[in-house]
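Visitor: Provide a 3D model corresponding to the input given below.
(one chain, ligands or ions: 1)
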Amino acid sequence: MINIKENVLQFEEKFNYSLNKEKLKKTSVQVVAVTKNRSVQLTKELVQEGFYHLAENRPEGLLEKQNELNNQNIIWHFIGNLQTRKVKKIINHIDFLHSLDRLSLAKEINNRAEDRVSCFVQVNVSGEGSKSGVHPEQLEKFILQLSEYPKIHIIGLMTMAPLTDDENAIRNVFSTLKICQRKIAQKKLSYAPCAELSMGMSGDYQIAIEEGATYIRIGSLFFQE
Ligand SMILES: *Cc1c(COP(=O)(O)O)cnc(C)c1O
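Guide: Okay, the predicted model is just below:
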């Protein structure tokens, strides 16, 4: 049995501890509930607990949830790889994209979006071959190239930490992303204020908050049995 209420209580205790420790207000870190592969019923229970930012990682899953939940108050995030040919399906149905990682994707978004899209550039900080994302050395150039696409609004950077028990390795990835974010923000590009950091998942969000996360993406913690 999955007890969403209980899982939320347990999460909030630790989340509040982290916020207090860093002297942060509750509004300074946005929790994005990752509902990918979860049922509509469980997703509804999570919304009832007050989570209105939801993330999906497949276009089909996103559209299905939107249809079935039919709730105008929900703010929709797309995380994970977005195939260029699927952009048109979802780009006018989401509020945030966390996985902008190539110019061909930016170009397609620019062609298909009706309004400006709030995007995070996904950065492959750890350099693992299995991970998508722009490499930190190529980030500046990539972001400068995005000026050609007026529908792209870069609100921040996103990364995924490596799967490891080595807390220092994880912390290092998050602090490196913060350094990258500051560098871009300093350029004061009108299309790339780049003030936000989307980093931290169920296993590492407390480290991410310590390193400056402003959006954390939490899935499995909410749905554990
Ligand atoms: C699945 C996923 C998450 C959530 O991960 P959990 O460990 O379940 O909290 C966060 N971000 C991305 C990009 C994901 O694919």
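Visitor: for the rest of this, base every contact and every neighbour count on C-alpha atoms.
Guide: OK.
Visitor: for the helix or strand where residue 31 lies, buried residues please.
Guide: Assigned by DSSP states H and E, residue 31 belongs to strand 30-34. If you call a residue buried by 16 or more other Cα atoms under 10 Å, then strand 30-34 has these buried ones: 31-34.
Visitor: now the element after it, going C-ward?
Guide: Following strand 30-34 in sequence order, the next helix or strand is helix 40-48 (DSSP H and E).
Visitor: and the contacts of that following helix?
Guide: Identification of contacts with helix 40-48 by Cα atoms under 8 Å, 6 or more residues apart in numbering yields 4-5, 35, 65, 68-69.
Visitor: do stretch 192-211 as well
Guide: The contact list for stretch 192-211, computed with Cα under 8 Å, 6+ apart, reads 14-15, 18-19, 22, 29, 98, 120, 143, 153-161, 170-171, 174-175, 177-178, 181-182, 184-185, 212-221.
Visitor: now those: which count as buried?
Guide: Burial by neighbour count, 16+ other Cα under 10 Å: within the contacts of stretch 192-211 this picks out 15, 18-19, 29, 98, 120, 143, 153-161, 170-171, 174-175, 177-178, 181, 184-185, 212-221.
Visitor: got the contact list for residue 223?
Guide: Residue 223 is in contact with 2-4, 7, counting by Cα under 8 Å, 6+ apart.
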